[in-house]
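**Student:** Turn this into a structure:
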Amino acid sequence: GAFAGNAGGIRLAPLNGSLLSGTLAGALDLRWGGGLSLAGTFNGRDLDPARIAQGWRGVVNVDLVGRMAWPEEGMVQGELRSHLRESRLHDRALTGELEASLDGEDLRIGRLVLKGKGFDLQAAGDLARRLNITAQVEDLSRLVPDTAGTLRAEGWIRWREGFPAGALSGRGSALAGFGLRVGDAAVNLRLDEGPAYPLAVDATFRRAAYGVFAADSVHLAAEGIVGRHTIRLALSGKGGETQMELGGAYERESWVGMVTRFDGRDGVGPWRLAAPAALNVGGGHATLAPLVLTGPGTERLELAAELVREPGAGSVRADLRMVDLARARAWLPEVLRLEGLLTGRVRATLADAERLTVAGEASLAGGAIRWQRGREALAADIETVQVSGDWRGLWSADPGQIAAGRLVAAGRIAGRGVATFDGREIAIPRLALNLEGNDGGWRGGIDLALAGGGALRGAFVSPRPARLAVPEAGEMTVTGADIVHALFLHGTLDAASP
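**Tutor:** Just a heads-up that it's a prediction; the model follows:
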């Protein structure tokens, strides 16, 4: 571009450039007599919003006119006007206007409108007094890529004497995005003015799901000030209900508080927090003092953790005693049911942000597996389960590095059951499996007996060091006796069946 000027200022015109795969042209005036001022006009043509977010397909043409002034005496002042011309988003017309002015710290929005297919956003008011905001979104995907749902919200914000204040209420339905799905949502927020930042939050979500988690209702409430507040969470669904309460304060860039309530009920029975547990998060450090949950009888679960961002270290431990596996029913496929009382421990430690060690052991009493899909089923009673393991390696997103970690493991399981294939049952009065692995390789065995006298024994040996991967080489030997006799003569299988 060209420029011209004198002792009082300079003008840059024309100015030409490229922006978002389109063009930008305009002029700029800079003056410094009696203070500093800046004024300009710019026109953007054929701008591609997909360069900002891939899902924003369209074209934008915008005109901007603005000025800013910093006088030698007095407050900074400015104005900005913007208008969208012949713009489109998702093959529908996109319209928008902005009229704003600044007088010192007082920002005034005379008009802010953005309308397109499925959404209408508006704002107007004085930030020092009350800036009103409304949003009506009939199709959230048109505004935020990779989402879905409808949303209606209204509220206001204010910034006065260095403190924010405001309120927001919104409702949504059929919301989805970032792995989260919500059937209906209602949210109310309120921030009162003051140095303590008094805040109140009340949010209810119906038919919420994230990954394997699903709940008929989720209710979140928070109230208090920065130095003292309470957070409550309530969940309910077909698997039961849960209530949790935290109380604490935000100080020195950290949240310091206690888990004061954590209880619930499911198909097995109630469970509760044995005593308040300290929880601290912030400043690159997080700790959870032993959190102990108890259930009927001797059922007990204890969790503790400490994580440090620098140098990337921490530890997590979990201890279980007679935990009923039926409590996991809500998280499992409907075709699968587990039973039994689990006792064990797990320890995980991280060093230098990448060296991870995980060790643990577990045993199961009164175990059972029930699985059925159509005319196929498995009903097994587990008499013995004992497993232990120690893995040391690199914590990485690369499966190859995880598989390369050193592993020492052992396991033994024994039981009996009935397998059903195409409606025909095979009774298995004895089944025993064992497996051991270390730097010397893998060794395992199977001992199976069928009703009617059939038997099957097998052994597996691999010289390759044990890793979290299927061994690349090994030997398997299998011997059997009266298998055909047991299956087809004494069993219920029909050899002529397809």
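**Student:** What is the neighbour count of Leu140?
**Tutor:** 21 (other Cβ atoms under 10 Å). Bear in mind the C-beta positions are built from the backbone N, C-alpha and C, glycine included.
**Student:** check contacts around it.
**Tutor:** Leu140 sits next to Gly118, Phe119, Thr147, Ala148, Gly149, Thr150, Leu151, Gly172, Leu175, Gly177 when contact means Cβ atoms under 8 Å, 6 or more residues apart in numbering.
**Student:** go again using 6 Å as the cut-off
**Tutor:** By Cβ atoms under 6 Å, 6 or more residues apart in numbering, Leu140 lies in contact with Thr147, Ala148, Gly149, Leu151.
**Student:** Can you give me the distance of it to Met75?
**Tutor:** 40 Å (Cβ to Cβ, to the nearest Å).
**Student:** Also Ala289?
**Tutor:** Ala289 is 51 Å from Met75, by Cβ to Cβ.
**Student:** average pLDDT for the lengthiest helix in the chain?
**Tutor:** Longest helix in the chain, counting residues (DSSP state H): helix 399-403. Summarised as a single mean, pLDDT over helix 399-403 is 84.
**Student:** What residues sit buried inside that helix?
**Tutor:** When burial is assessed from 16 or more other Cβ atoms under 10 Å, helix 399-403 yields the following buried residues: Ile402.
**Student:** what does it contact?
**Tutor:** So helix 399-403 is contacted by Leu394, Arg467, Leu468, Ala469 (Cβ under 6 Å, 6+ apart).
**Student:** now stretch 176-196
**Tutor:** 147-148, 163, 165-173, 175, 198-210, 225-226.
**Student:** circling back: next step: the contacts of Leu140 restricted to strands.
**Tutor:** Using DSSP state E, the subset of the contacts of Leu140 located in strands is Thr147, Ala148, Gly149, Leu151.
**Student:** hmm, which two among the residues you listed are most spread apart?
**Tutor:** Greatest spatial distance among the ones in strands among the contacts of Leu140 (Cβ to Cβ): Ala148 and Leu151, at 10.5 Å.
**Student:** Tell me who's in contact with Leu143.
**Tutor:** By Cβ under 6 Å, 6+ apart, the contact list for Leu143 reads Phe119, Val137.
**Student:** That one and Ala208, how far apart?
**Tutor:** Leu143 is 21 Å from Ala208, by Cβ to Cβ.
**Student:** Angles on the backbone of Ala313, please.
**Tutor:** Main-chain dihedrals, Ala313, degrees, to the nearest 10: phi -140, psi 160.
**Student:** I figured Arg412 hits Gln386, correct?
**Tutor:** Yes: if you go by Cβ atoms under 6 Å, Arg412 and Gln386 touch, sitting 5.0 Å apart.
**Student:** Okay, the nearest residue in space to Trp56 that is not next to it in sequence and Gly480: tell me how far apart.
**Tutor:** Excluding the flanking residues, the one nearest Trp56 by Cβ to Cβ, 6 or more residues apart in numbering is Pro49, at 3.8 Å. Look at Pro49 and Gly480: by Cβ to Cβ, they are 68 Å apart.
**Student:** Compare these two and say which is more crowded by neighbours.
**Tutor:** Under the criterion of other Cβ under 10 Å, the comparison of Pro49 against Gly480 puts Pro49 first, with 20 against 14.
**Student:** what's the more buried one sitting at in phi/psi?
**Tutor:** phi -70, psi -20.
**Student:** Then Glu354?
**Tutor:** Here is the backbone geometry of Glu354 (degrees, to the nearest 10): phi -150, psi -30.
**Student:** Give me the neighbour count for it.
**Tutor:** 12.
**Student:** Quick one: the strands in the stretch 151-300 of the chain, in order.
**Tutor:** 163-177, 180-191, 199-210, 213-225, 228-237, 240-251, 254-266, 270-273, 277-282, 285-294, 300-308 (DSSP state E, counting those that start in this stretch).
**Student:** Reformat those as JSON lines; add distance to Arg373 and mean pLDDT.
**Tutor:** Converted to JSON lines, the strands of the stretch 151-300 of the chain look like this (distance: least, Cβ to Cβ, whole Å; pLDDT from 0 to 100):
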{"stretch": "strand 163-177", "distance to Arg373": "28", "mean pLDDT": "95"}
{"stretch": "strand 180-191", "distance to Arg373": "25", "mean pLDDT": "96"}
{"stretch": "strand 199-210", "distance to Arg373": "23", "mean pLDDT": "96"}
{"stretch": "strand 213-225", "distance to Arg373": "21", "mean pLDDT": "94"}
{"stretch": "strand 228-237", "distance to Arg373": "24", "mean pLDDT": "95"}
{"stretch": "strand 240-251", "distance to Arg373": "25", "mean pLDDT": "94"}
{"stretch": "strand 254-266", "distance to Arg373": "24", "mean pLDDT": "95"}
{"stretch": "strand 270-273", "distance to Arg373": "31", "mean pLDDT": "96"}
{"stretch": "strand 277-282", "distance to Arg373": "41", "mean pLDDT": "95"}
{"stretch": "strand 285-294", "distance to Arg373": "33", "mean pLDDT": "95"}
{"stretch": "strand 300-308", "distance to Arg373": "31", "mean pLDDT": "96"}
